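Peer 1: Just the structure for this:
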Amino acid sequence: MVQCRTPRQTIDAGASLASSCVELGADSIGKNVRIYLDGDTMKPYSAHCSADLKTYIPLEAPNLSSYPVGGCSTLAPNATVGVTTTWQMMWFDTVMHAVDTGDYTFATSTGGTHESSGNGTFEHDFSSIPFGSGSEPPSGK
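Peer 2: Model prediction:
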């Protein structure tokens, strides 16, 4: 006689997988972790948890945003080169599924660029450039 087994009950693993550093808690501070987008086992990703438990996505290599001198821009006071911001990680809002391009926690900037445009109506010194942004001087054509 063949015995039939009752199928094992499965537990929804997605319900127990952390989707943010906040969910992992204080033990995750300063650590690289694996978390899951919306707790979905099919959507894992690597992240870094900051001291305030924000979830950061490490970049595979440093990423640069820059605003070199030329056209409407000159060196900012006390700068020797145009501004360049180097990014190591991006803050990922796990609720909105968006990166914050203005969070400079894991970014460093060097140089400075002064912009004068709009016939002098816009004057600004840039000491950092948001992630995914940049400018290049006109090519002269």
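Peer 1: Can you name the element that comes right after the helix or strand of the chain with the lowest mean pLDDT?
Peer 2: With mean pLDDT, DSSP states H and E as the measure, the helix or strand of the chain carrying the lowest mean pLDDT is strand 113-117 (a mean of 90). Toward the C-terminus, strand 113-117 is succeeded by strand 122-126 as the next helix or strand (DSSP states H and E).
Peer 1: can you state the direction angle for that next one and strand 113-117?
Peer 2: When axes from the mean of the first three to the mean of the last three C-alpha atoms, to 10 degrees is applied, the directions of strand 122-126 and strand 113-117 differ by 170 degrees.
Peer 1: in the longest strand seen in the chain, what's buried?
Peer 2: Under DSSP state E, the strand in the chain containing the largest number of residues is strand 55-67. Taking 16 or more other C-beta atoms under 10 Å as the basis for neighbour counts, the residues of strand 55-67 that come out buried are 55-56, 65-67. (Each C-beta comes from the backbone N, C-alpha and C, glycine too.)
Peer 1: What ranges does this structure have for its strands?
Peer 2: With DSSP E as the criterion, the chain has strands spanning 32-36, 44-49, 55-67, 73-75, 83-93, 98-100, 107-110, 113-117, 122-126.
Peer 1: Residue 46 and residue 59 touch, don't they?
Peer 2: No. Shown here, residue 46 and residue 59 do not form a contact pair, counting by C-beta atoms under 8 Å, at 10.8 Å.
Peer 1: who's the one residue sitting closest to the centre of the chain bridged to?
Peer 2: In the chain, the C-alpha nearest the mean C-alpha coordinate belongs to residue 90, at 1.3 Å (C-alpha atoms, centre = their mean). Note on residue 90: beta-bridge partners residue 57, judged by DSSP bridges.
Peer 1: mind listing what it touches?
Peer 2: Taking C-beta atoms under 8 Å, 6 or more residues apart in numbering, we find residue 90 in contact with 56-57, 59, 99-101, 103, 106, 131.
Peer 1: which pair in those residues spans the largest distance?
Peer 2: Between any two of the contacts of residue 90, the greatest separation by C-beta to C-beta is 14.1 Å, found for 59 and 100.
Peer 1: Find the nearest non-adjacent residue to residue 129, please.
Peer 2: residue 65 (3.9 Å; C-beta to C-beta, 6 or more residues apart in numbering).
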